[in-house]
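Undergrad: whatever this is, show me its structure:
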Amino acid sequence: MPGYEGEREKLRQYLGIEWVPNGLKEMDAQKHKAVRHSEELNCDFTDPSKCRWMNNKNLDTLNFHLFEKQDHTVFPALQVRPGPSKLEPVIFIYSFWVYNGANVEVIILEENMDTGVLQQSGEKIYVDCGTVTMNTECTVDIPPRELPFRIGIRAYDINNPEGSFVMVDNIYYYASFCKVSIEFGPNFKTENLMTGADGMPVENAHLLNCQDFDKTCRWRNGGHGKRIWKKATTAPSEQLMFNETGTYTVPQVPFAFMYIEEDSKKEDFMALISDPITCQSETSSTISFRLWATKGVQMSICTMDFEMKPIECQKISMGRSPAPSIHHFEQINDFMYGFRVDSANPDFDNFVAIDDITYEATMCNEAINALDFGNNFYSTAMLSTLLNRPVQSSQDLECSFSKRALDCFWANLEGEKGQWEIGVGTIDKTKFASLTRRLTYPDTEFAVARFNQRNLSAVLASETIRCMSDKAVLSFRYWHTGDAVLSICIIKSISFDVIDCQSIGPVSNEHVYVDIPQMDETIRIALRADSLMGEGIIAIDDLKMEGKFCPTVAFSPNSGFGSKKSRRPAERHIQGSPDSNVCRLLSCNFDKENLCLFESKRVANSLSMFSVHNGVAHTMLFERSRVSMLESTSFHLNAAARLHFDYSIVKGFAQIFICEDSVVRELDTCYKVTSSKQTEKGEFVHDFIEILPSDIKLYIIVKLEEGSRKASVRIDNISLTDIENHPIC
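TA: Modelled structure (predicted):
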C-alpha cells in the first residue's frame, strides 16, 4: 500500500495490525468455480489461497488487503451480521470493523453467462438486526434463486479526509444448495462399504471373488483419501448410465461405487484393496472384473505391498466397459490387489462402479494341479517283482508297502505305460485334502500311480492264486485326484487276460471293500489305474485279503503234514496236461547210480550231501552236519502237476521239506513233509507235492531233528504226473 504509510502507522498504533504485501494475490488469481458446498465459503484468512473469495475489479474503486495481528491491542466491539443465502435455513456470519463513517454491506452479484460480466442484483436483501447494532445476530429473508449468483461483501463511504476503513474476518456460511452433482434419480441409494475384509491373509484364491460386496467379500477401502468407495444398493436408470458412460448396461446390485466431485486430486481417492496374499505359487494369476466410469476417469489395477506402495500396475482399458476386463500378473508374495483411480476430469463430477470381481491363482497351500502333494513329497520305484511265488493264504496278500513293497506279493505288470510307485516324503495336508476331499492321509509309505497326461495306465498285480475255494473280500485305503480312475480286475495267471473288472468310481469312504467271487482256475488280482480323461493320482495303502484259497502244495494222506485244510479241494482241478519235457527233467529212479538232473548242494555249516547207493539217493546226518539238500534243474510248466517220491528215515529222527525257489532270497518258502519220525523197519513211504506253472525250481531238504545224534534219509522214485496221477513222460 504505497502512499498509505501514515494510515498504516495509525493501524499499527491503535489496532496492532500490519499489512501483508500481496497477501491476497493467490486468492484473487484463483479460477472461477461454482461452490458445491456452503462450507467452501468459510474463511478466516489464515491461508487466503484456500478462500473462495476475491476482490472484484469492475464494480469498485478500492481493494481489500490482508492484514495480520502483531500485538495484543484490543479491538473495538464487533458487529455480527448474516449474509444472503439461497435457501433456508441460512447462516452467513462475518466479523467486521468500520471507522470514520465507513460502512459495509452484503450484496448479491449476478453473472451474465454469455459475457461473464458481473452486476449487482436489483433485489434488495432484507436484513433485520433488531434495535441493537453491536454484538447481535441478524436474520435474512432471501427467496429461492434458480440462477447462479455470488455473494459480495461491499465496503463503502470510505471518504473521510482523516482516513476511514473497513475490516472483515471470520467468514462463516451455511445453506442448503440445489443439487449440482450427477442426478442418479430419487431411488438410487448407497451405503457404507462394510465387507468381511479384516486384513487376514487369503488362503484360497476363490475367497477374493466378490459379486455382492457383503460379509463374504474380502475387499475394502484402503488409504486416507476423502473420496471413498461405497456400496450401491439400487441401480441407476439405463438412460442415466447411457448419458454418463455410453452404455445401457447397468451393474447388477449391489456393486462398489465411488462418486468423484470436481476438482478432486489423485491423493483424494481411496483405493479398493483386497485382503493380503502372503504366498502365491509360481504360476501367474488372473483377475477379472466389470467396470463402469464417466468419461475422463483413468484407472489402474495394481499389486501393492502392505504399505500400499505399487509393485506392478496395469492400466484398465476404459473403452471395454462394461465387458469383463482381464489382467494377468506374475507370481509374487506378500502383496495385495488394489483398484486405483489415477485421475478424473476436475471440471465436472465423475463416478466409478466395479462389480463381478473374479480371481484365479494358486496359493502356496493350494495344489498347482492334480499331481501336487507338496514340495516335500516324491515317489520312488517299487522294489517288489512278480516272482511266480505261490499264494498260500489270504494273509500273503496283505501289504502296507513298507520297505518300498519289498516283501509284498504285489508288483507292477510289465508292458504298461505307467507304473505304480511308492509315495514317500511329507504330504502337504492342505493340498492333499483339497485334491482328494478327504481329511485322512496315508501313513508313511503307500502305493501311488501318477499320471501327467491322458490315456496312461498302471497295473499292480498279485502273485498267482491257485484258486478260490470261496468268495473273498479285497480291502484297502483309497484316495484319488483329478481324472484318474481305479478298477479291480481278476486276470488269468499266465496270459493276463481279463476275466472280470469292477470300477471303483467316486467313493465317499476312505476304506474300500471289493468282493472277489469263487474261482476254479489260477488267477491274479490286479489293481488297474487309468487316466482316460486327464491327469490325476490313484493312491492306495493297507491292502488286505480275506478269504479261503486253494493251497499251492497238496499232500497225500500219507503225509505227516496232510490235513483237511491243506488238501486240494475235491473236483477243483486246474485244466491242462503238463509238458512231458518237464517230466523228463524232474523224474529219476537212481537206477543208473547217479542223481540224473538233480544235484546235491552243500549247505553252510554242514558237510552232508546226497549220493547214490544201490539205486537210491542217500544222505547221512550228524550233529555237526545236520542238513543236506537235493536241488532240481530249472523248469517251466505249462500246467499244474504232481511230483511223486518215496522216502525212508532210519537210524534216528529227521525232517523232510519241499522248498520253492525265490529270486528275493534262497529257499523263501518251505513246506514240511514229515513229522520227524522213523519209517517202520526202513520201509519207503510214498508222497507227492503239487506244483504250479509259477514254480521254476524245487528243493528236497532234509534236516536232523533236534535231540537226535544221527539219521539216515533215503529218496527214491521221483516222477512227475498230472494232477490226476496220470503218467506224462
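Undergrad: distance of the residue most central in space within the chain relative to residue 328?
TA: By CA atoms, centre = their mean, the chain has its centre lying nearest to residue 366, at 2.6 Å. Between residue 366 and residue 328 the distance is 18 Å, computed by CB to CB, to the nearest Å. From N, CA and C alone the C-beta is placed, and that goes for glycine too.
Undergrad: now the helices for the stretch 101-250 of the chain?
TA: For the stretch 101-250 of the chain, applying DSSP state H, counting those that start in this stretch gives helices covering 238-245.
Undergrad: that one: strands as residue ranges?
TA: 103-111, 118-120, 126-128, 139-141, 149-156, 165-174, 190-192, 219-222, 229-232 (DSSP state E, counting those that start in this stretch).
Undergrad: would a markdown table of the ones you listed with distance to residue 71 be doable?
TA: Putting these into a markdown table (distance: least, CB to CB, whole Å) gives the following:
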| stretch | distance to residue 71 |
| --- | --- |
| strand 103-111 | 25 |
| strand 118-120 | 38 |
| strand 126-128 | 34 |
| strand 139-141 | 35 |
| strand 149-156 | 24 |
| strand 165-174 | 16 |
| strand 190-192 | 49 |
| strand 219-222 | 47 |
| strand 229-232 | 50 |
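Undergrad: so for residue 251, which of the ones you listed sits nearest?
TA: For residue 251, the closest of the strands of the stretch 101-250 of the chain is strand 229-232, at 7.4 Å, according to CB to CB.
Undergrad: to the chain's geometric centre, what's the distance from the closest one?
TA: Chain-centre distance of strand 229-232: 30 Å, with CA atoms, centre = their mean, to the nearest Å.
Undergrad: strand partners (parallel or antiparallel) of it?
TA: strand 190-192 (antiparallel), strand 255-260 (antiparallel) (DSSP bridges).
Undergrad: point out the most buried one among those strands.
TA: strand 255-260 (a mean of 24; mean count of other CB atoms under 10 Å).
Undergrad: and the contacts of whatever helix or strand comes next after that one?
TA: Counting by DSSP states H and E, the next helix or strand C-terminal to strand 255-260 is strand 271-274. The contact list for strand 271-274, computed with CB atoms under 8 Å, 6 or more residues apart in numbering, reads 197, 202, 208, 218-223, 229, 256, 258, 304, 308, 336-341, 354, 359.
Undergrad: residues contacting residue 123?
TA: Counted by CB under 8 Å, 6+ apart, residue 123 has contacts residue 108.
Undergrad: may I ask which helix or strand of this protein has the lowest mean pLDDT?
TA: strand 79-81 (a mean of 42; mean pLDDT, DSSP states H and E).
Undergrad: helix or strand right after it?
TA: Using DSSP H and E, the helix or strand that follows strand 79-81 in sequence is strand 91-99.
Undergrad: adjacent strands (with direction) for that following strand?
TA: Short version: by DSSP bridges, strand 91-99 pairs with strand 79-81 (antiparallel), strand 165-174 (antiparallel).
Undergrad: same list, those, but as JSON lines with mean neighbour count and distance to residue 266 please.
TA: JSON lines is the format used below for these (neighbours: other CB atoms under 10 Å; distance: least, CB to CB, whole Å):
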{"stretch": "strand 79-81", "mean neighbour count": "18", "distance to residue 266": "40"}
{"stretch": "strand 165-174", "mean neighbour count": "18", "distance to residue 266": "28"}
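Undergrad: which stretches of the stretch 551-700 of the chain form strands?
TA: Under DSSP E, counting those that start in this stretch, the stretch 551-700 of the chain gives strands at 599-601, 611-613, 616-622, 627-631, 641-650, 654-660, 669-672, 685-691, 698-704.
Undergrad: in JSON lines: those strands, plus mean neighbour count.
TA: Below are these laid out as JSON lines (neighbours: other CB atoms under 10 Å):
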{"stretch": "strand 599-601", "mean neighbour count": "15"}
{"stretch": "strand 611-613", "mean neighbour count": "15"}
{"stretch": "strand 616-622", "mean neighbour count": "20"}
{"stretch": "strand 627-631", "mean neighbour count": "22"}
{"stretch": "strand 641-650", "mean neighbour count": "21"}
{"stretch": "strand 654-660", "mean neighbour count": "22"}
{"stretch": "strand 669-672", "mean neighbour count": "16"}
{"stretch": "strand 685-691", "mean neighbour count": "21"}
{"stretch": "strand 698-704", "mean neighbour count": "22"}
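Undergrad: which stretch in these has the least confidence?
TA: When the strands of the stretch 551-700 of the chain are ranked by mean pLDDT, strand 669-672 comes last with a mean of 73.
Undergrad: can you name the residues bridging to residue 272?
TA: With DSSP bridges as the rule, residue 272 is bridged to residue 221, residue 339.
Undergrad: which residues of the stretch 301-450 of the chain fall in helices?
TA: Going by DSSP H, counting those that start in this stretch, the stretch 301-450 of the chain shows helices at 429-436.
Undergrad: worst mean pLDDT among the strands of the stretch 101-250 of the chain?
TA: strand 139-141 (a mean of 57).
Undergrad: pLDDT below threshold where in this protein?
TA: The chain contains residues with pLDDT under 70 at 1-3, 74-90, 113, 126-143, 178-180, 551-576, 662-669, 675-678, 680-681.
Undergrad: next, count neighbours for the closest residue to residue 374 other than its chain neighbours.
TA: Excluding the flanking residues, the one nearest residue 374 by CB to CB, 6 or more residues apart in numbering is residue 428, at 2.8 Å. By other CB atoms under 10 Å, 20 other residues sit near residue 428.
Undergrad: for the nearest residue to residue 623 once chain neighbours are set aside, give me its contacts.
TA: Leaving aside its chain neighbours, residue 623 sits nearest to residue 709 (5.8 Å; criterion: CB to CB, 6+ apart). When contacts are counted by CB under 8 Å, 6+ apart, residue 709 touches 622, 623, 652.
Undergrad: nearest to residue 661, of these?
TA: Taking CB to CB as the measure, residue 661 lies nearest residue 622 of these, at 27.2 Å.
Undergrad: just checking, that closest one touches residue 654?
TA: No: using CB atoms under 8 Å, residue 622 is not in contact with residue 654; the gap is 11.2 Å.
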